[in-house]
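Colleague: Here's a sequence, model it:
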Amino acid sequence: MTKDCLQLTEVELEEPTKTLSDGAFRQIQSAIVKGDIAPGTRISEQYLSTTFGIGRGPLREAIRRLEGRRLVVRIPHAGVRVVSLSYEELIELYHVREALEGMACRLAAQNMSDEDIQALRDVLAMHEQHSGLKENKSYYQQEGDLDIHFLIVQGSKNRTLSNMLCDELYHLVRMYRYRFSTTPKRPQQAFAEHHNIIQAIADRDGELAEMLMRRHISASRRNIERRMQEQGDSVTSSGGKV
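Modeller: Residues are numbered from 1 along each chain as shown. Below is the predicted model of the structure:
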């Protein structure tokens, strides 16, 4: 067998494993973000292998990638667990979002093309048709190009911001956005805030766009603070039982 044939065979052998790992990664990531695998849950390779029908090799590669996205953490003598941010850590994360996404919004007003802005409007129009938003019960955006926040960060044309907000922190943020997306009366308010942000970007008013985005994320943070306070009060009033 020639060297070229040997290399080709190795690539062919690696490809199915990579495909299985990609599939496992996407399935487990989605389950974590949506709360189907709850924060703090210990990751059992045997359970995941059985549930998703994946071999241990691809599964371990998927878990390694989930660590890179900060969705799972490896704890000495305790194994791998789904991340569970403390109240203080979550509020810190939202303060970081407020500053960085505000900056991204200002840059987007300078750098987004008219076509980019129209894409933002098209996604917003799609969101408007969602039944949960119409009933003012929920407003959760899909990821990537169907996510207003993702599109604005990409539109900033700042690679460092994109790496931080669309890669390193993105799915961790999505996890908590999903968790707190059903607060009464918040969905339509959040939609209106998105509309105003996009209008400021379209008007090329970077200062206003930044201010509106910071207010938008600050409102989300205050919503989380209220929800977590209510949950804490509920636990306390029930004698510490969940």
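Colleague: Next one: Met126 relative to Asp22, how far apart?
Modeller: Using Cβ to Cβ, to the nearest Å, we find Met126 at a distance of 26 Å from Asp22. No exception for glycine: its C-beta is placed from N, CA and C like everyone else's.
Colleague: Tell me the span between the first and last residue of stretch 157-173.
Modeller: 21 Å (Cα to Cα, to the nearest Å).
Colleague: List of residues touching that stretch?
Modeller: 29, 33, 69-71, 83, 85, 93, 96-97, 100-101, 103-104, 107, 111, 143, 149-150, 153-154, 156 (Cβ atoms under 8 Å, 6 or more residues apart in numbering).
Colleague: buried set for that stretch?
Modeller: Lys157, Asn158, Leu161, Ser162, Met164, Leu165, Cys166, Leu169, Tyr170, His171, Leu172, Val173 (16 or more other Cβ atoms under 10 Å).
Colleague: Show me which of the contacts of stretch 157-173 are buried.
Modeller: 29, 33, 69-71, 83, 93, 97, 100-101, 103-104, 107, 149-150, 153-154, 156.
Colleague: Let me know the secondary structure of the most centrally placed residue in the chain.
Modeller: Centroid-nearest residue in the chain, with Cα atoms, centre = their mean: Arg174, separated by 2.2 Å. State at Arg174, reduced to three classes by DSSP: H, G, I helix; E, B strand; the rest coil: helix.
Colleague: Could you list which residues are in contact with it?
Modeller: Counting by Cβ under 8 Å, 6+ apart, the residues that Arg174 touches are Val33, Glu143.
Colleague: low pLDDT regions in the protein?
Modeller: 1-18, 20, 131-141, 181-184, 232-242 (pLDDT under 70).
Colleague: now the helices: where do they sit in the protein?
Modeller: For the chain, the helices defined by DSSP state H cover 3-33, 45-52, 56-68, 87-111, 114-128, 131-134, 148-155, 159-163, 170-179, 186-202, 206-237.
Colleague: Please identify the most buried of these.
Modeller: helix 148-155 (a mean of 22; mean count of other Cβ atoms under 10 Å).
Colleague: what residues does it touch?
Modeller: For helix 148-155, with Cβ under 8 Å, 6+ apart as the criterion, the contacting residues are 101, 104-105, 107-108, 111-112, 116-117, 119-120, 123-124, 127, 141, 143-145, 161-162, 165-166, 170, 194, 197-198, 201, 213.
Colleague: now swap in stretch 92-100 and tell me
Modeller: By Cβ under 8 Å, 6+ apart, stretch 92-100 touches 85, 161, 164-165, 169, 172-173, 176, 213-214, 217-218, 220-221, 224.
Colleague: same thing but at 7 Å, please
Modeller: Leu85, Leu161, Met164, Leu165, Val173, Arg214, Ile217, Ser218, Ser220, Arg221, Ile224 (Cβ atoms under 7 Å, 6 or more residues apart in numbering).
Colleague: Would you point out the most distant pair within these?
Modeller: Maximum pairwise distance in the contacts of stretch 92-100, criterion Cβ to Cβ, is 22.5 Å, between Leu161 and Ile224.
Colleague: Counting neighbours, what do you get for Gly144?
Modeller: 11 (other Cβ atoms under 10 Å).
Colleague: contacting residues for it?
Modeller: Counted by Cβ under 7 Å, 6+ apart, Gly144 has contacts Phe150.
Colleague: can you start the count at 692 instead of 1 from here on
Modeller: I'll keep to 692 as the first residue from here, and by that count the last item is Gly835.
Colleague: That one and Leu842, how far apart?
Modeller: Taking Cβ to Cβ, one finds Gly835 at 9 Å from Leu842.
Colleague: ok so, going back, now distance to Thr732 too, for the contacts of stretch 783-791, in a markdown table please.
Modeller: Below are the contacts of stretch 783-791 laid out as a markdown table (distance: Cβ to Cβ, whole Å):
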| residue | distance to Thr732 |
| --- | --- |
| Leu776 | 14 |
| Leu852 | 31 |
| Met855 | 26 |
| Leu856 | 26 |
| Val864 | 19 |
| Arg905 | 33 |
| Ile908 | 27 |
| Ser909 | 30 |
| Ser911 | 25 |
| Arg912 | 25 |
| Ile915 | 21 |
